[in-house]
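1. here is a sequence with its predicted model. Questions after.
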Amino acid sequence: MGALAEILEANRVVVLTVYGQVFFVLGLAVALQSRKHSALALARPLPWLAAFGIVHGFHEWGYLFIPIQSGYLPLPVTEGLLVIQLLIKGLSFAFLLQFGVELLAAVTQRPILGRLRLLPAAALLGWAGATMAVSAALGPFQPDASAWLAEGRIDAALAAVGEPLVVGDVLARWLLAFPGSALAAWGLLISARAVGHVARRPVVVGLRAGAAAFAVYALVGGLIPMPAPIPLASQLNGAWLVGAVGIPIEALRSATGLVIAVAVILALDLFEQETDRALAEARRRELLTRERERIGRDLHDGIIQSIYAAGLHLEEATASLDPGDELPRRRIATVMGELERI
């Protein structure tokens, strides 16, 4: 396990690239799936998942590009990029929390959950305020520069704005990523049960695998932050995980993100199945309409011919009556009038 940790740590750039890529692909795949006319409960929350995947992918790529650019940019610009990256992290996790809340409200149809739609926005504001308050309370400390692949001016930038960055990472994972992942896992599991009797097996497998992967991500992406002088985060962090299992936390998050991406892409086939069923129903209705029109034309033509024949028979019967038979003549005339009206 030590050798594996060394290999993954030596290729940390590759790991972070894959980490950002899997979430970006997840968001792009969800965003490109057409769900405008879908009646499924899973369709409405998916844009929030797409937003999370795309934004979080850009955030992870920041760990690669900011250190590279720090050697060329002025120090204040590098500091500003680090702060923007932190804000992007909080925003991405807020999208994840919004997805979890919207998904659970959609699949359970409980009004009380629908009232929680403003919770992610409130949590995002609370996270920003708590980050500044906790950073001020802790005072200056030197963060681990390896989390940003330090080179060039990145060390000086971290020395200037490092405390809010580390505290913001910890609180974003605890306040936003953990509940968002847990709610997403719960909602996907309920969705798998709801569509299990109508969807194909790969869809159900994808929903269940996505639920399991989000549950794991709640642990590796929500509960285990970077090292920080905060209770729990000072013991349960990425450094502790490397020492315990010999695998960098970024590698576990990348693997979990890959499972989430594959599982969600499999589950998206549910909308293709819905489209296929709608097309089959439309074809059935078209065939039924054509058959009804054919039967209607046949009935129309046959009834007209029958009524016309009946009228001829009545005219013949009238001609055969004696001139003094007024009552039969009036009755036959009445019947012929009704036939003409029909």
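-> Looks like it arrived, so ask away. These numbers were taken from a predicted model, which means no experiment stands behind them.
2. now do the strands in the stretch 1-150 of the chain.
-> Assigned strands in the stretch 1-150 of the chain: none (criterion: DSSP state E, counting those that start in this stretch).
3. show me the shaky parts of it.
-> 1-2, 4-5, 8-10, 34, 36, 111-114, 150 (pLDDT under 70).
4. low-scoring stretches of the stretch 151-300 of the chain, by residue?
-> For the stretch 151-300 of the chain, the stretches with pLDDT under 70 are 151-152.
5. switch to 80 and redo it
-> 151-153, 155-157, 159-160, 196-199, 246, 271-282, 298-300 (pLDDT under 80).
6. next secondary structure after the longest helix along the chain?
-> If you go by DSSP state H, the chain has its longest helix at helix 269-319. Beyond helix 269-319 in the direction of the C-terminus, DSSP states H and E gives the next helix or strand as helix 326-341.
7. mind listing residues that contact that next one?
-> Residues outside helix 326-341 that contact it (Cβ atoms under 8 Å, 6 or more residues apart in numbering) are 307, 310, 311, 314, 315, 317, 318, 321. (C-beta placed from N, C-alpha, C; glycine too.)
8. one more: stretch 60-78?
-> Residues contacting stretch 60-78 (Cβ under 8 Å, 6+ apart): 13, 16-17, 19-20, 23, 81-82, 85, 88, 147-154, 156-157, 160.
9. give me the buried entries from the residues you listed.
-> Buried by 16 or more other Cβ atoms under 10 Å: 16-17, 19-20, 23, 81-82, 85, 88, 147-150, 152-154, 157, out of those.
10. now, these that are in helices?
-> Those of those lying in helices (DSSP H): 16, 17, 19, 20, 23, 81, 82, 85, 88, 154, 157.
11. in a markdown table: the residues you listed, plus distance to residue 69.
-> Compiled in a markdown table, those are given as follows (distance: Cβ to Cβ, whole Å):
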| residue | distance to residue 69 |
| --- | --- |
| 16 | 15 |
| 17 | 16 |
| 19 | 19 |
| 20 | 16 |
| 23 | 21 |
| 81 | 7 |
| 82 | 11 |
| 85 | 12 |
| 88 | 15 |
| 154 | 9 |
| 157 | 11 |
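12. looking at those, which two lie furthest apart in space?
-> Farthest pair in these (Cβ to Cβ) is 23 and 157. Separation: 24.8 Å.
13. give me the neighbour count for residue 223.
-> 16 (other Cβ atoms under 10 Å).
14. oops, could you answer that again for residue 196 instead?
-> 13.
15. I'd like the distance between the closest residue in space to it that isn't next to it in sequence and residue 213.
-> Closest residue to residue 196 apart from its sequence neighbours, by Cβ to Cβ, 6 or more residues apart in numbering: residue 204 at 5.2 Å. Using Cβ to Cβ, to the nearest Å, we find residue 204 at a distance of 15 Å from residue 213.
16. show me which of those two is the more surrounded one.
-> A count of neighbours by other Cβ under 10 Å puts residue 213 above the other of residue 204 and residue 213, at 24 against 20.
17. quick one, what contacts that one?
-> Taking Cβ under 8 Å, 6+ apart as the test, what residue 213 contacts is 185, 256, 259, 260, 263.
18. which one (most neighbours) among these?
-> residue 260 (27 neighbours).
19. if we can go back for a sec, just checking, what packs against the longest helix of the chain?
-> Contact here means 3 or more Cβ pairs under 8 Å, 6 or more residues apart in numbering; DSSP states H and E; on that basis helix 269-319 packs against helix 201-217, helix 326-341.
20. enumerate every residue touching residue 27.
-> Applying Cβ under 8 Å, 6+ apart, the residues near residue 27 are 49, 50, 51, 52, 53, 54, 55, 56, 57.
21. nice, that's everything, thank you.
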